[in-house]
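J.: Pasting the sequence and the predicted model now:
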Amino acid sequence: MIRNSTQGAPEGTAALPRTAAAALAVVLALGVAARPVAAWTKSLVLDEFHTWFHATRPGVSAFFSTLLQDNHPPLGFLTVALARLALGTSELALRAPALAFSVLEVGVLAWFGTRVGALAGARARGLGLAAAALLGASSMHLDYGSQARMYALHALAATVTLVAVHALLTRAQARAAAVTLAVSLTVAFHTHYFGGHYAVGALAAALGLAAFDPGVRARLRRGLLPCACAALASLPWAWFGFRQQLEHRLPPGGDDLGWRGLAEAFVHLGFHNVRLGGPTLRVAFIAAGGVALALGALGALRLLRRRETRVAGGLAAVAAFGVPVFAWALAHLTPRAGFTWHYILPSAAPLALLVAAGSVALGALSRALFGGVLALALTLTWLNATSAGTEDFRGAVRALLDQYEPGDAVIGVEWQPALFPQGQPYDYYAPRLSEAPPERLPMTGFTLADPSALDRTQRALVLRKSLPGDQHLIELLRARFEPVARQEFGFSLDVTVWQRR
């Protein structure tokens, strides 16, 4: 019979040495502190302006009518809409929900890891603190935990689901866990559709564990009622929302379907935007990501071998390794499902738990490797927190305003789904950077509503995000002007000055 997870630590479990505990606590504090720093200093990125669009709809009817043209559920956008009403429209205010969800997930992992560590024996002391420190130091967890998007809530819901399923399968009394599971599954479905992948992963892990453990098998039925309640609560959106979103066939945002895309997704879980390290540190970050995966595999084996921790190890292993592979394979069969690294952000927490468990598998060597991974992860996290980011729209708008001269035409254009209006980044930042910013030219799709407006100006200042060079707007500009200056502000984001020939 599986040990009740409410029991205390096994006899002989010692406290984590003070030096190690202090070091982990410092890493955890620095990792958590990096999140508000990033939320305060970084510009909004294009995906966040998509959230801004949904969160600023003039009413409930408008919110849902435009959301049905998108391919995301409503809850992530609703949390930002509420934050906007309560806190204002600054970047930090819009990102406040993600910050809260991100930090809360770190806390949940610390609590759960401590419980698992108490069952794992004396060598696993400090498991919760070590896992939380590693998750706090994850640069991907930082990045998407400080963006006005749904990914932090998506990850939190999946982690709470894992903890609730573990309690249902191991605890003598699990009524609270059943309620928690019903809520977490409902939140997951209304936050990101990959939440379904993690629910399937938890079910597959539970069934696999039940095949080898009669105690787990006897408790499987506990999950029926919470799953039924979650399905019932999700039925309205599934029928009136998700079904209609499937019909319009908007492509997913992520299509990293190659083997390299899968490998990069796993590395991204702990090491995101490795380019910030330059040629040398970039290689070190990628290598550390590989070491973390190896330690995670060792940790999974260690937890699975011990009867008391087998359920935790099985659930974490499937969430960390199985679900990303399943999601990647499913995207090949159904391209509409999509796959990219931030979709699998919920795998970061169980991977951190497994890496922490694996840090004692090889004695001093694995502890040293864990320390190196942790130090490099924290380094990259702070490089991410203090950099300009991947899309510096604030800097791009500021540069455009600095170059503006009376009579110039101002154009803002972004390559994105048609339901989102053009020029949102300029419209958001220009009034915040200038008391009387110039108006940009109206757009129809990806081109000007009135091309003749270009005939009345000597220069055009164009803020462009990812617009291909063969688009009509570029042809209009080339017919009248030539580019005389160009500044880049991240991935495929630039400000170009076009001057009449």
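T.: Here it is on my side, so go on.
J.: Looks to me like T191 is in a helix.
T.: No - the assignment for T191, made by DSSP: H, G, I helix; E, B strand; the rest coil, is coil rather than a helix.
J.: Quick check: it vs P74, distance?
T.: T191 sits at a distance of 9 Å from P74 (criterion: C-beta to C-beta, to the nearest Å). The C-beta positions use only the backbone N, C-alpha and C, and glycine is treated the same way.
J.: T334 now?
T.: On the measure of C-beta to C-beta, T334 and P74 end up 23 Å apart.
J.: Could I get the contacting residues of the nearest residue to A164 once chain neighbours are set aside?
T.: Computed as C-beta to C-beta, 6 or more residues apart in numbering, the closest residue to A164 that is not its neighbour in sequence is L181, at 3.9 Å. Residues in contact with L181, defined by C-beta atoms under 8 Å, 6 or more residues apart in numbering, are 161, 164-165, 168, 223, 226-227, 230.
J.: and L181, what element?
T.: For L181, the enclosing helix or strand under DSSP states H and E is helix 175-189.
J.: Buried by neighbour count: which residues of the next helix or strand after that helix qualify?
T.: Following helix 175-189 in sequence order, the next helix or strand is helix 195-210 (DSSP H and E). For helix 195-210, the neighbour count (16 or more other C-beta atoms under 10 Å) marks 195, 197-202, 204-206, 208-210 as buried.
J.: okay, now the nearest residue to G107 once chain neighbours are set aside: neighbour count?
T.: Nearest residue to G107, sequence neighbours excluded (C-beta to C-beta, 6+ apart): A132, at 7.4 Å. If you count neighbours by other C-beta atoms under 10 Å, A132 ends up with 30.
J.: Let me see the backbone angles for A132.
T.: In terms of degrees, to the nearest 10, the main-chain angles of A132 are phi -60, psi -40.
J.: Check the gap between it and L28 for me.
T.: Taking C-beta to C-beta, one finds A132 at 6 Å from L28.
J.: same thing with Q499?
T.: In this view, Q499 and L28 are 53 Å apart by C-beta to C-beta.
J.: now L44
T.: Counting by C-beta to C-beta, the gap from L44 to L28 is 27 Å.
J.: Equivalent analysis for V183, please.
T.: With C-beta to C-beta as the criterion, V183 and L28 are 27 Å apart.
J.: same check, this time on L185
T.: 29 Å.
J.: same thing with T386?
T.: In terms of C-beta to C-beta, T386 sits 19 Å off from L28.
J.: For those two, indicate the residue with more neighbours.
T.: Taking neighbours as other C-beta under 10 Å, T386 and L28 compare with L28 leading, 23 against 14.
J.: Secondary structure of the more buried one: a helix, I assume?
T.: Yes - with three-state DSSP as the criterion, L28 is located in a helix.
J.: Chain neighbours aside, what residue packs nearest to it?
T.: Distance criterion C-beta to C-beta, 6+ apart; nearest residue to L28, sequence neighbours excluded, is A133 at 4.3 Å.
J.: who touches that neighbour in this structure?
T.: If you count contacts by C-beta under 8 Å, 6+ apart, A133 has them with 24-25, 27-28, 31, 374.
J.: For these, which two are the farthest from each other?
T.: Within those, A25 and L374 form the most distant pair, 12.2 Å apart (C-beta to C-beta).
J.: The two: who's more crowded?
T.: Taking neighbours as other C-beta under 10 Å, A25 and L374 compare with L374 leading, 26 against 13.
J.: which other helices and strands contact the strand or helix carrying the more buried one?
T.: Assigned by DSSP H and E, L374 belongs to helix 364-386. Applying 3 or more C-beta pairs under 8 Å, 6 or more residues apart in numbering; DSSP states H and E, one finds that helix 364-386 contacts helix 18-41, helix 127-136, helix 139-144, helix 278-305, helix 348-358.
J.: Same question for the first one: list its buried residues.
T.: Yep, that's helix 18-41 we're talking about. 23-24, 27-28, 30-32, 34-39, 41.
J.: for L104, what are its contacts?
T.: Counted by C-beta under 8 Å, 6+ apart, L104 has contacts L156.
J.: Please apply the same query to G290.
T.: Per C-beta under 8 Å, 6+ apart, neighbours of G290: V267.
J.: same check, this time on V318
T.: Shown in contact with V318 (C-beta under 8 Å, 6+ apart): 201-202, 204-205, 208.
J.: So what's the residue count around the closest residue to A357 other than its chain neighbours?
T.: Leaving aside its chain neighbours, A357 sits nearest to G299 (3.3 Å; criterion: C-beta to C-beta, 6+ apart). Number of residues near G299 (other C-beta under 10 Å) recorded here: 32.
J.: Wait, G299 touches L351, no?
T.: No - using C-beta atoms under 8 Å, G299 makes no contact with L351, being 9.0 Å away.
J.: Wasn't S146 part of a strand?
T.: No - counting by three-state DSSP, one finds S146 to be coil, located in no strand.
J.: Make sure it is actually in contact with F101.
T.: No - taking contacts as C-beta under 8 Å, S146 lies outside contact range of F101: 10.6 Å.
J.: of these two, who's got more company?
T.: It is S146, of S146 and F101, that has more neighbours when counted by other C-beta under 10 Å, with 27 against 21.
J.: Identify the residues contacting that one.
T.: Applying C-beta under 8 Å, 6+ apart to S146 gives the contacts 35-36, 38-39, 42, 95, 98-99, 102, 385.
J.: The same query, at a cut-off of 6 Å, please.
T.: 35, 38-39, 95 (C-beta atoms under 6 Å, 6 or more residues apart in numbering).
J.: Tell me how many other residues crowd the residue nearest to C227 when sequence neighbours are not counted.
T.: Leaving out its chain neighbours, the residue that sits closest to C227 by C-beta to C-beta, 6+ apart is L185, at 6.7 Å. Number of residues near L185 (other C-beta under 10 Å) recorded here: 29.
J.: Report the separation between L185 and D455.
T.: Between L185 and D455 the distance is 58 Å, computed by C-beta to C-beta.
J.: swap in P214?
T.: 81 Å.
J.: likewise L276?
T.: 44 Å.
J.: which residues does V267 contact?
T.: So V267 contacts 286, 289 (C-beta under 6 Å, 6+ apart).
J.: Show me what counts as buried in whichever strand or helix holds it.
T.: Following DSSP H and E, one finds V267 within helix 259-268. Going by neighbour count (16+ other C-beta under 10 Å), the buried part of helix 259-268 is 261-262, 264-268.
J.: next one: it to chain centre, how far?
T.: 15 Å (C-alpha atoms, centre = their mean, to the nearest Å).
J.: Just the C-alphas of it, formatted as CSV.
T.: Extracted as CSV, the C-alpha positions of helix 259-268 are listed here (Å, rounded to 0.1, in the frame of the first residue of the first chain):
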residue,chain,number,x,y,z
TRP,A,259,13.0,17.2,-34.3
ARG,A,260,15.0,20.3,-33.6
GLY,A,261,11.8,22.1,-32.5
LEU,A,262,11.1,19.3,-30.0
ALA,A,263,14.7,19.4,-28.7
GLU,A,264,14.6,23.2,-28.4
ALA,A,265,11.3,23.0,-26.5
PHE,A,266,12.8,20.8,-23.8
VAL,A,267,15.9,23.1,-23.5
HIS,A,268,13.7,26.2,-23.4
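J.: Just want the angle from that helix to helix 348-358.
T.: With axes from the mean of the first three to the mean of the last three C-alpha atoms, to 10 degrees defining the directions, helix 259-268 sits at 70 degrees from helix 348-358.
J.: And the residue nearest to L250 when sequence neighbours are not counted, how far from A188?
T.: Ranked by C-beta to C-beta, 6+ apart and with sequence neighbours excluded, the top spatial neighbour of L250 is N71, at 4.8 Å. Distance, N71 to A188, by C-beta to C-beta: 16 Å.
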